[in-house]
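**Q** Got a predicted structure here, sequence first:
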Amino acid sequence: MAAITINLPLPVLPEGWSAEKDFKAISSLSPATQRNVEPVGPHFLAHARRKRHKRTFSEDERIQAQENVKKVEDDDAGEISEEEDPLMLQRDAKDWKGQDHYAVLGLSKYRYKATEDQIKRAHRKKVLRHHPDKKAASGKTEDDSFFKCIQKATETLLDPVKRRQWDSVDPGADLEPPSKKQVQKGNFYKLWGPVFESEGRFSKKQPVPKLGDEKSSKEAVEGFYDFWSYFDSWRTFEYEDEDVPDDNENRDQKRHVERKNANARRKKKTEDTARLRKLVEDAMGMDERLKRFKKQQYEEKNKKKIEREAAAAKAKEEEAKRKEEEAKLAKVREEQEKAQKADAKKAKEAAKNAAKKNKRVVRGAAKDANYFHEGGDASAAEIDSVLNDVDLVITKVDNEELADLTAKLNGKKGAGEIKAVFVDEVKRLVGAGKMKEGEAKNFS
Amino acid sequence: MSDEEESPGRVAIGISFGNSYSSIAFTTSEGKAEVIANEEGDRQIPTILSYVEGEEFQGTQAKAQLVRNSKNTVAYFRDFLGEDFKSVDPTPCHQSAHPKEHEGTVAFSIRDSEAESENTVTVSEITTRHLRRLKNSASDFLGKQVNAVVITVPTNFSDKQRAALKKAAEDAGLEVLQLIHEPVADVLAYDARPDAKHADKNVVVVDVGGTRSDVAVIASRGGMYTILATAHDYDVSGAQLDQVLIDYFAKEFLKKNKGVEDPRENPRSLAKLKLESEAVKKALSLGQSASFSVESLSGGIDFTATINRSRYELLASKHFQSLKRLVVHCVEKAELDVLDINEIICAGGNSHTPKLSRSLADEFPPTTTVFAPTLSPTAINPNELAARGAAIQASLVEAFDTDDIEQSTHPVVTSTPHLAHAIGVLSISGDEKGAGVFTLMIEPETPVPVRRTAHVAVPREGGDVLVKLCEGVREIKVTKPEAKPKTNGANEDEDDDDDDDDDDDDEEEIREKVWKAGRVLAEMAVRGTKKGSKVEVQVSVGAELDVQIIAREVNGKGGTRGMLDKPAIAQNGSV
Ligand SMILES: Nc1ncnc2c1ncn2[C@@H]1O[C@H](COP(=O)(O)OP(=O)(O)OP(=O)(O)O)[C@@H](O)[C@H]1O
């Protein structure tokens, strides 16, 4: 063959690419498919010449050559696999509408799933067996009724429109949904899966999602039920129509039947929609996954709520604790204050007592010093005057000064010493501006 | 003829032997195949024999006997040859002699002699008689005794059937050089045209005959043919198309003649109806309307009517649809896509029907060439394809002795490994830098050994280039049209239109065939290429899948070469 021209350019050799003799073998070819070339045409002659050139093939090779070749033709010989019900074989072809077309062709186990190819093959097999000429050959009566049934079945199933009409009402394909009891005892998925698969045949949208199993994700399960809630069905009920009279004579009659049929179809369609809706609802009611998802969702929601509540409770608790502590602290402080107050009172009292005592000592000192009267008893006036001055001093000093004064007077004997202490005190008080010079005449 | 000297005494023709029609063809001294007309001027000779008082009629004359003499008329018997009675379908013979069981084979009870009694004539004997008539017609035409033949058979003809046919032909004095498959003969007839292009291609042959339809997907590689898949259908056929017209005219007749017996219920009326309906069908292949006319159709009433083509097309449309599905199914069986199909050859008489080929063409992309009389001015008469192919093959092999032919056509010679994947090189496309695009050199399903050469451009500046050899994987890229934004509110009342919407969407979907690089086989460098030059890459795959690759600058010196070992895994056809 002439060289092919490729206009898209080859890539530039990558930087650093190198190989021995500039060639890198990377992989062998994938294994080939053994097929027969047709021994036809001038080019085959060349092929045969090349292949047979100076060669003889052994018997083994000749046998093997045939065996290895990939088959192109389907095996047609297949026997009819389905048992033929003797009652079915006796069917009257006139009653073809009532026959199970799939059973007639031996396709009961395929039904709406049977491919066009399968139907054609099944038809041929049945014809080969039931053609009236075959029966005549085996000495049986030439009854072609079942043969006609076969033709009717084939006619129905090979016409896409007629097939849909039949499939719509094929009782053999209907699957009763399982009851609640069955589901409780058995496996939900095994029981419902085939029901949905069977119902799915009516879906305009294909493929139809699968029921799945307990491991299916929430999205898948929700998608599944969503699909079924908005199911778009092609199911029709024409097949069950009453025959419309075929002659032109009876127009009114014809119109009447047509109207009746149209109504019946509509009614059945409505019923079917309702039936499916209930079926889906029932399944949903039994689907543990939905319950689980609901629970999970509830728990999810609840979890948040609980968390929130817990947080609130905790905050409250902490607040309470804080308050309690505060109260405790306050109490302690109060008590301390109280104690302090009490102490202060005591101290005050003590100080008062001490002052009294000291006053008494100070006054006593004056008495001890015989009111500073030398010799003999001092006159009342003198006493009065001295005590007045002493009291004056006492009023002028605070408790501490009084205590100091008391301490100074302590141990002092003799009027002179004592008087000196008083004089000093008065001097100090005058110095501090608390007394006026000469105010205490006796101690100046 | 030079061949005459090589094989003295051998005069070979091609025969297509159908259930409905047969044809004979020979190859002229210029190597052109021509179909021969018999004494009555027919090139399509009905495969029918009829006996009237011991006299044998064949072809059109015999066909006419279906009305008056159906019991002694044998038709539609080809498929019975070499079969047990229990595996034949007698349906096509409802209006002629019925097949019956005879010593494990099929036979007919007919009065084929002057005697009053019926004779049991086996299907082999009938075939012999038919082939003898064909041989004689050819001999008369050629002016010399024909004694050798290539006959076409369906692809699902069993070995037993082939043996029976061979025997029947030999009994008729015809040496069978070869039996070849009908669809392959059809392809050969096209490929033998002087102006035919011999590119590698995938061809679908659709043969809609009188009693059956056969589809074959054939890989044509370097002039060698391999059947990848076939489909056979006995429910889509010329007889079914005839039936459409039979029913139509019967109903029209009954409308006009109330109370008269339905012509379909009376064997003789039905035979007339059938013959005329077939004639109307053929007339509708040429004209926009055709008239139907039968004398004394039923109840002694003559009936004439006309029908136009579109009416017929409408009535027959479910059969066209069914044929389309059959063809697509066969393409799928070959693990191909409609986009992989380069050519469709419409064969069989019904391919004259304009709507049939047009509706097929609609199923395929515009890149697929459809050869049918109404679609292509260069189409060969679909009735003649098989006979022509057989005649060409006869001219190719007539010089060999039968044993030699036998040896060459044995599976030990024909059984050949075919590449599972395409082979090609990586190139750089305009827009993708770096990542290469796979460019095909050898198609998948090419039988080995094979050698292919490609001249590949170099980058603008020339220089060192990389040749990367890969296997290719074909993918179908589907581009969905962008979903039209729908206004929610409006949508709800339009529920009923949903269906139509879906269809629209489907139509807009764009499907493309793209090659992707698969397994990398080898890398090699070609150094110092000149600006604007090309690199020649030659890939040779050996009989055991070993590979030799040579890459060099065109007109340059040196170059790079290398080898790949054969795969370790044993090749096996039974995948
Ligand atoms: N011009 C035409 N237009 C339409 N149909 C035609 C035309 N010519 C022939 N036919 C139909 O083609 C059919 C015959 O085709 P063909 O010659 O290929 O038959 P065959 O190979 O013997 O078929 P089979 O073996 O399936 O019976 C018949 O149904 C015939 O009516």
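**A** That came in fine, so what should we check first? Numbers count the residues shown, from 1 in each chain, chains lettered A, B, ... in the order given.
**Q** what sits up against the helix or strand bottoming out on mean pLDDT in chain A?
**A** When the helices and strands of chain A are scored by mean pLDDT, DSSP states H and E, helix A:132-137 comes last with a mean of 78. The contact list for helix A:132-137 (C-beta atoms under 8 Å, 6 or more residues apart in numbering or on different chains) reads A:128, A:141-144, A:147, B:85-86, B:90, B:93, B:98-101. In this view, the C-beta of every residue, glycine as well, is placed from N, C-alpha and C.
**Q** Can you pick out the most distant pair from these?
**A** A:Thr141 and B:Cys93 (19.9 Å; C-beta to C-beta).
**Q** Which of these two has more residues huddled nearby?
**A** More neighbours surround B:Cys93 than the other of A:Thr141 and B:Cys93, with 22 against 8 (other C-beta atoms under 10 Å in any protein chain shown).
**Q** how near is that one to B:Ile110?
**A** Here B:Cys93 is placed at a distance of 12 Å from B:Ile110 (C-beta to C-beta, to the nearest Å).
**Q** picking up where we left off before, want to throw the contacts of helix A:132-137 into JSON lines with secondary structure, pLDDT and distance to the ligand?
**A** JSON lines is the format used below for the contacts of helix A:132-137 (DSSP: H, G, I helix; E, B strand; the rest coil; pLDDT from 0 to 100; distance: C-beta to the nearest ligand atom, whole Å):
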{"residue": "A:Leu128", "secondary structure": "helix", "pLDDT": "89", "distance to the ligand": "17"}
{"residue": "A:Thr141", "secondary structure": "coil", "pLDDT": "62", "distance to the ligand": "31"}
{"residue": "A:Glu142", "secondary structure": "coil", "pLDDT": "57", "distance to the ligand": "26"}
{"residue": "A:Asp143", "secondary structure": "coil", "pLDDT": "72", "distance to the ligand": "28"}
{"residue": "A:Asp144", "secondary structure": "coil", "pLDDT": "82", "distance to the ligand": "23"}
{"residue": "A:Phe147", "secondary structure": "helix", "pLDDT": "91", "distance to the ligand": "21"}
{"residue": "B:Phe85", "secondary structure": "helix", "pLDDT": "93", "distance to the ligand": "19"}
{"residue": "B:Lys86", "secondary structure": "helix", "pLDDT": "89", "distance to the ligand": "21"}
{"residue": "B:Pro90", "secondary structure": "coil", "pLDDT": "93", "distance to the ligand": "14"}
{"residue": "B:Cys93", "secondary structure": "helix", "pLDDT": "93", "distance to the ligand": "12"}
{"residue": "B:His98", "secondary structure": "coil", "pLDDT": "94", "distance to the ligand": "17"}
{"residue": "B:Pro99", "secondary structure": "strand", "pLDDT": "95", "distance to the ligand": "15"}
{"residue": "B:Lys100", "secondary structure": "strand", "pLDDT": "93", "distance to the ligand": "21"}
{"residue": "B:Glu101", "secondary structure": "strand", "pLDDT": "92", "distance to the ligand": "22"}
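**Q** which of the residues you listed tops the neighbour count?
**A** B:Pro99 (27 neighbours).
**Q** I'd like to know the average pLDDT value across the longest helix along chain A.
**A** The single longest helix within chain A, with elements called by DSSP state H, is helix A:288-368. Regarding helix A:288-368, the rounded mean pLDDT is 87.
**Q** Contact residues of the stretch 251-400 of chain B facing chain A?
**A** Taking C-beta under 8 Å from any C-beta of the partner chain as the contact definition, the stretch 251-400 of chain B meets chain A at B:318, B:321-322, B:325, B:329, B:389, B:393, B:396-397.
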